[in-house]
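Chemist: The sequence and its predicted three-dimensional model are supplied below.
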Amino acid sequence: MNASLAVRKAHPSDASTVLELLDGCCLWLRSTGKGRNGGMNQWPERFDPCEISDKIDSGEFYLADYEGLPAGTFCFTAHPDWYGRLCQDQQIREAVAARMEISESELLRIAVQSELAEPAMYWHSFAVSRHLTGQGIGRALLNWGEEATRQRQFRMLRLDCHYLNVRLRQYYIDAGFESLHYLGEQLFGGIFQKRV
């Protein structure tokens, strides 16, 4: 990682900076149309400050500084999203199987084959300052996430993104993530994982 990029857990006093980074990306997604895919918005118009503060308080949000400026933010947690609970939670599995129009047993087979039973770290709400794009900061932060996943003794890093955001999906594939495109992606979004 670039020596000028420093990553740390966000503190409660950083809440406004985290929100500014997230909301800056929300505004960019809306103004460019890149966040509106198939009539659906990838991100909300603005993030809920209380929800972000709660995640900061629980130690799940991180902030990156580049040469002293806020460069990016992300949520990094061992708490699985719905797709990380497919193998253990029958209710989730039943709902997903019904929406995918397959049997629950077939969905469980696919989830086990995709290694979703394996514990993982989860990456969410990833935003890089629009003023610092094109400098490799996003890739450096993903690299940080991979190393932090290893340090926490997990072997898998998972994330998701809007299934119609072709550019972002390719970004994650180029970063070495595997697309689990067969897991109901048009219903739920694109699921990606990387063994680290």
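Modeler: Yep, that arrived.
Chemist: What about residue 106, how many residues nearby?
Modeler: Residue 106 has 11 neighbouring residues, counting by other CB atoms under 10 Å. Where you see a C-beta, it was placed from the backbone N, CA and C, and this is true even at glycine.
Chemist: got a pLDDT number for it?
Modeler: Note for residue 106: predicted pLDDT of 94.
Chemist: pretty sure it is in contact with residue 97, am I right?
Modeler: Yes - here residue 106 reaches residue 97: they are 7.3 Å apart, a contact under CB atoms under 8 Å.
Chemist: give me the beta-bridge partners of the residue nearest to residue 60 when sequence neighbours are not counted?
Modeler: Nearest residue to residue 60 in three dimensions, chain neighbours excluded: residue 77, at 4.5 Å (CB to CB, 6 or more residues apart in numbering). Each beta-bridge partner of residue 77 is listed here: residue 122, as defined by DSSP bridges.
Chemist: Residue 77: how many residues sit nearby?
Modeler: A count of nearby residues for residue 77, using other CB under 10 Å, gives 16.
Chemist: where's it relative to residue 84, distance?
Modeler: Separation of residue 77 from residue 84 (CB to CB, to the nearest Å) stands at 10 Å.
Chemist: which neighbours do those two share?
Modeler: Contact criterion CB atoms under 8 Å, 6 or more residues apart in numbering; residues shared by residue 77 and residue 84: residue 122.
Chemist: What strand or helix carries residue 124?
Modeler: Element membership of residue 124 [criterion: DSSP states H and E] is strand 121-128.
Chemist: From the structure, what's the count of residues near the closest residue to residue 65 other than its chain neighbours?
Modeler: For residue 65, ignoring the flanking residues on the chain, the nearest one in space by CB to CB, 6+ apart is residue 6 at 4.9 Å. Neighbour count for residue 6, taken as other CB under 10 Å: 14.
Chemist: can you confirm residue 6 is in a helix?
Modeler: No - assigned with DSSP: H, G, I helix; E, B strand; the rest coil, residue 6 falls outside any helix and is strand.
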